[in-house]
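# structure for this input, please:
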Amino acid sequence: MHTYVVLAYKQSEYLEECIKSVLNQKYQSKVIIATSTPNEFISKIAKKYSLEIFINPDPGKGIGYDFDFAVSCGETPLVTVAHQDDIYDFDYSYNIVEKYNANPSSLIIFSDYYELRDEKKVYKNLNLTIKRILLLPMKIDGLSKIKFGKRLILRFGNAICCPAVTFVKKNIHTEDIFKCDFVCDVDWYAWEKLSKLKGKFTFVNKCLMGHRVHEGSTTTEIINERVRTKEDIIMFQKFWPKNIALLLNKFYIKAEDSNN
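Purely as a prediction, here's the structure:
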């Protein structure tokens with residue numbers, strides 16, 4: 001029913017910990033590895049845990065294309081792209097499958113999350129608080145099914161944590177979910193695109209996975225370079241006039257600063 005596609009890039013010191021977490025699940029999901037940077041490091045870990053590796057035949061186009069490739073590798077109805085630096089709690093997939101069975105029209109099913117900072121689990125900070133406020137409409141069943149409700153949680157920022165998301169492939173009807181030229185907001189771009197489709201955004205109001213924040217992460221690198229600001233403004237303009245988008249972005253930058 002469910003597959004974890006572990007998206008591996010170069011040589012992450014956290015890759016094995018991620019793999020251990022998705023193998024140690026209450027609901028026994030299928031686990032595979034997808035990569036655009038095949039190397040001996042990834043091969044050794046795959047061999048250690050008897051995992052199949054899927055190599056992107058067309059690498060180098062960008063993060064969004066790598067994500068779409070990872071989703072395409074999963075052959076089960078439900079697919080989670082597990083980021084190599086993150087971990088998944090024992091009952092993540094169990095809760096996802098349970099929610100799917102109750103909501104088969106879902107486009108995506110996603111959970112709340114905590115942050116991993118210096119090996120400590122952080123459940124509360126400014127960034128997490130803002131995202132939980134933005135996600136309040138998803139607790140109302142009627143709003144999570146309609147376009148207005150799905151877009152409401154995206155109008156003030158990207159409230160959905162990408163590695164916490166599971167895709168219901170049969171309801172999406174496309175393999176071009178993330179495809180774009182962005183380097184950071186590929187996930188926000190994807191949710192905005194999916195919000196226009198018929199189907200539900202199903203939220204599991206539990207912290208079921210840990211998103212690691214560290215100096216070597218791609219998100220931290222991009223935020224430090226302020227590459228993200230330009231993309232954020234583009235995304236805000238999908239929901240607001242330009243002047244309002246620029247104003248909202250000023251507040252959004254403050255939330256990003258908690259990633260430092």
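
# ok, which stretches of the stretch 1-150 of the chain are helices?
Using DSSP state H, counting those that start in this stretch, the helices of the stretch 1-150 of the chain run over residues 15-23, 40-48, 63-73, 92-102, 126-134, 141-145, 147-152.

# quick one: closest of these to C180.
Nearest to C180, of all the helices of the stretch 1-150 of the chain, is helix 63-73, at 4.9 Å by Cβ to Cβ. To be clear about C-beta, it is placed using only N, CA and C from the backbone, and glycine gets the same treatment.

# just checking, what packs against that closest one?
strand 2-8, strand 30-35, strand 78-83, helix 186-194 (3 or more Cβ pairs under 8 Å, 6 or more residues apart in numbering; DSSP states H and E).

# just put these in a markdown table and tack on mean neighbour count and mean pLDDT.
Output for the helices and strands packed on helix 63-73, formatted as a markdown table (neighbours: other Cβ atoms under 10 Å; pLDDT from 0 to 100):
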| stretch | mean neighbour count | mean pLDDT |
| --- | --- | --- |
| strand 2-8 | 25 | 98 |
| strand 30-35 | 22 | 98 |
| strand 78-83 | 26 | 98 |
| helix 186-194 | 21 | 97 |
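
# what is the neighbour count of the nearest residue to K150 once chain neighbours are set aside?
In space, and not counting its chain neighbours, K150 is closest to S195: 4.0 Å by Cβ to Cβ, 6 or more residues apart in numbering. As a burial measure, S195 scores 22 neighbours (other Cβ atoms under 10 Å).

# do L208 as well
Counted with other Cβ under 10 Å, the neighbours of L208 add up to 21.

# and for the one 5 residues further on?
Using other Cβ under 10 Å, the number of residues around V213 comes to 19.

# swap in I253?
The tally of other residues near I253 (other Cβ under 10 Å) stands at 14.

# tell me the pLDDT at it?
pLDDT, I253: 73.

# got it, and the one 3 residues further on?
Confidence at E256, expressed as pLDDT, is 62.

# next one: V183
V183 is given a pLDDT of 89.

# stretch 107-115: how far from the chain's middle?
Its chain's C-alpha centre and that of stretch 107-115 lie 8 Å apart, by Cα atoms, centre = their mean, to the nearest Å.

# picking up where we left off before, and R212, which of the helices and strands packed on helix 63-73 is closest to it?
Short answer: strand 78-83, nearest of the helices and strands packed on helix 63-73 by Cβ to Cβ, at 8.1 Å.

# which other helices and strands contact that closest one?
Taking 3+ Cβ pairs under 8 Å, 6+ apart as the contact cut, strand 78-83 packs with strand 2-8, helix 15-23, helix 63-73, helix 92-102, strand 165-168.

# ok, back up a step: closest to I177 out of the helices of the stretch 1-150 of the chain?
Nearest to I177 among the helices of the stretch 1-150 of the chain is helix 63-73 (5.8 Å), distances taken as Cβ to Cβ.

# got the angle between that closest one and strand 78-83?
With axes from the mean of the first three to the mean of the last three Cα atoms, to 10 degrees as the basis, helix 63-73 and strand 78-83 are set at 140 degrees to each other.

# quick one, helix 63-73 and strand 2-8 angle?
For helix 63-73 against strand 2-8, the angle by the same axes, to 10 degrees is 140 degrees.

# let me know the angle separating helix 63-73 from strand 30-35.
Relative orientation of helix 63-73 and strand 30-35, computed by the same axes, to 10 degrees: 150 degrees.

# quick one: helix 63-73 to helix 186-194, angle?
Using the same axes, to 10 degrees: helix 63-73 against helix 186-194 is 60 degrees.

# reformat the helices and strands packed on helix 63-73 as a markdown table; add distance to E119.
Converted to a markdown table, the helices and strands packed on helix 63-73 look like this (distance: least, Cβ to Cβ, whole Å):
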| stretch | distance to E119 |
| --- | --- |
| strand 2-8 | 20 |
| strand 30-35 | 23 |
| strand 78-83 | 17 |
| helix 186-194 | 25 |
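
# lovely, talk soon.
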